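Novice: Sequence first, predicted model second:
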Amino acid sequence: MIRAMPRAATNDVIKGDALKVAPGLQSASVALMYLDPPFFSGRKRRNRGDGPAYDDRWPGGLAEYLAFLRSLLEAARPLLTANGILALHLDWRATHHGRIELERLFGAGGFVNEVVWSYRTGGGSKRMLARKHDSIHVFAAGKDYTFHRQTEKSYLAHRYGFSNVEILEDEKGPYTLSAMRDVWELPALRGNQREYVGYPTQKPLALLERLIGCFSNEGDLVADLCCGSGTTLVAAKLLGRRWLGVDSSAEAIALARRRLSQPDQ
Ligand SMILES: C[S@@+](CC[C@H](N)C(=O)[O-])C[C@H]1O[C@@H](n2cnc3c(N)ncnc32)[C@H](O)[C@@H]1O
């Protein structure tokens with residue numbers, strides 16, 4: 001039997017089921033794998049009007065969803081380099097399951113961060129606190145994974161008590177620069193933003209740029225096996241990384257290709 005050569009994994013967007021496409025990709029080639037799969041929302045995801053949609057309904061319930069999630073992670077894992085990073089983005093519906101699956105695959109020692117993406121979209125319940133964050137579980141395949149330390153502004157209520165610390169100032173007041181925390185306050189995408197292409201659950205470029213900036217180097221291959229409208233790939237391109245996207249939705253692939261063909265993206 002003649003086996004097909006693994007598909008060259010660089011600056012490519014492939015339409016297909018990630019579970020079937022991944023085994024044909026170059027193993028040990030991806031420095032950062034971001035996965036933003038369906039969240040187990042039980043909804044058919046549709047854009048306003050009759051735009052692109054993908055199905056997040058699972059007739060077999062949680063068991064069917066978890067079988068998919070586990071298969072996706074198992075398909076993604078061999079694609080990572082020896083020190084590659086996998087970042088799994090989920091919300092309250094399945095994030096706890098995702099973390100357990102990742103610990104099973106990488107060992108508890110593979111855990112690097114749980115990034116909490118906090119946003120302020122409209123809506124809420126009278127019976128509970130408004131659920132306004134997602135989690136991104138970051139796991140590393142090896143101990144020598146890439147991490148670029150970032151800083152963030154920490155605003156000061158007063159100036160006294162700070163020695164050997166540079167105090168800076170902007171329009172909001174005095175601040176110091178401290179190590180970036182794992183809670184990221186970044187606005188969710190709004191329909192009037194230039195980067196919005198109308199894909200349901202499209203993520204903001206700022207989120208992916210920060211993740212890619214932290215956990216990869218220029219020239220690295222960044223992959224997303226559920227790439228949707230291609231946000232990860234666009235962010236990778238903007239930051240001088242190579243990219244590889246897969247999605248089962250024809251609409252998603254068309255949008256991703258269109259975004260990547262624009263010279264300023
Ligand atoms: C949450 S959306 C991704 C959104 C994306 N991050 C963006 O910013 O546009 C999840 C995506 O997973 C895709 N998907 C679902 N099952 C898949 C599978 N088995 N293989 C590949 N893609 C899949 C859907 O088509 C959808 O585009």
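Specialist: Ah, there it is.

Novice: Could you say whether the residue of the stretch 51-200 of the chain found nearest the ligand sits in a helix, a strand or coil?
Specialist: The minimum distance from the stretch 51-200 of the chain to the ligand, using Cβ to the nearest ligand atom, falls at residue 54 (3.5 Å). C-beta coordinates here come from the backbone N, C-alpha and C atoms, glycine included. Following DSSP: H, G, I helix; E, B strand; the rest coil, residue 54 is assigned to strand.

Novice: Residue 74 against residue 104, yeah?
Specialist: No: in this structure, residue 74 is not within contact of residue 104 by Cβ atoms under 8 Å, at 9.6 Å.

Novice: How about residue 253: what's its closest non-neighbour residue?
Specialist: Ranked by Cβ to Cβ, 6 or more residues apart in numbering and with sequence neighbours excluded, the top spatial neighbour of residue 253 is residue 15, at 4.4 Å.

Novice: Would you check that my belief about the one you found contacting residue 250 is correct?
Specialist: Yes: Residue 15 lies in contact with residue 250 (Cβ under 8 Å); the separation is 6.1 Å.

Novice: okay, the two: which has more neighbours?
Specialist: residue 15 (16 against 10; other Cβ atoms under 10 Å).

Novice: Let me know the distance separating the more buried one from the ligand.
Specialist: Distance of residue 15 to the ligand, given as Cβ to the nearest ligand atom, to the nearest Å: 9 Å.

Novice: tell me the pLDDT at that residue?
Specialist: According to the predicted model, the pLDDT of residue 15 comes to 96.

Novice: Around the ligand, pick out the residues from the stretch 101-250 of the chain.
Specialist: Selection of the stretch 101-250 of the chain residues close to the ligand by Cβ under 6 Å from any ligand atom yields 199, 201-203, 225-226, 228-229, 231, 246-249.

Novice: Take those and lay them out in TSV including neighbour count and secondary structure.
Specialist: Output for these, formatted as TSV (neighbours: other Cβ atoms under 10 Å; DSSP: H, G, I helix; E, B strand; the rest coil):
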residue	neighbour count	secondary structure
199	25	coil
201	18	coil
202	22	coil
203	23	coil
225	29	coil
226	21	coil
228	27	coil
229	28	coil
231	27	helix
246	26	strand
247	27	strand
248	17	coil
249	20	coil
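
Novice: The closest residue to residue 209 other than its chain neighbours: which element?
Specialist: The shortest distance from residue 209 to any non-neighbouring residue, by Cβ to Cβ, 6+ apart, is to residue 235 (4.7 Å). Here residue 235 sits within helix 231-238, counting by DSSP states H and E.

Novice: What are the buried residues along that helix?
Specialist: For helix 231-238, burial by neighbour count (16 or more other Cβ atoms under 10 Å) applies to 231-237.

Novice: now do stretch 69-84
Specialist: Result for stretch 69-84 [16+ other Cβ under 10 Å]: buried residues 69-70, 72-73, 75-77, 79-81, 84.

Novice: Repeat that for stretch 24-38.
Specialist: 25-26, 29-38.

Novice: Considering only those, which also neighbour the ligand?
Specialist: Among the buried residues of stretch 24-38, the ligand is touched by 36-38 when using Cβ under 6 Å from any ligand atom.

Novice: so residue 13 sits in a helix?
Specialist: No: assigned with three-state DSSP, residue 13 falls outside any helix and is strand.

Novice: Give me the mean pLDDT for stretch 137-149.
Specialist: On average, stretch 137-149 scores 98.

Novice: Restricting to C-alpha, output it in CSV.
Specialist: Provided in CSV are the C-alpha atoms of stretch 137-149 (Å, rounded to 0.1, in the frame of the first residue of the first chain):
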residue,chain,number,x,y,z
HIS,A,137,-6.4,25.8,29.3
VAL,A,138,-2.8,26.0,28.3
PHE,A,139,-0.8,22.8,28.4
ALA,A,140,2.8,22.1,27.3
ALA,A,141,4.2,18.9,25.7
GLY,A,142,7.6,19.5,27.2
LYS,A,143,9.3,21.5,30.0
ASP,A,144,11.2,23.9,27.6
TYR,A,145,8.1,25.5,26.1
THR,A,146,8.1,29.0,24.8
PHE,A,147,6.9,31.7,27.1
HIS,A,148,7.4,35.5,26.5
ARG,A,149,6.8,37.3,29.7
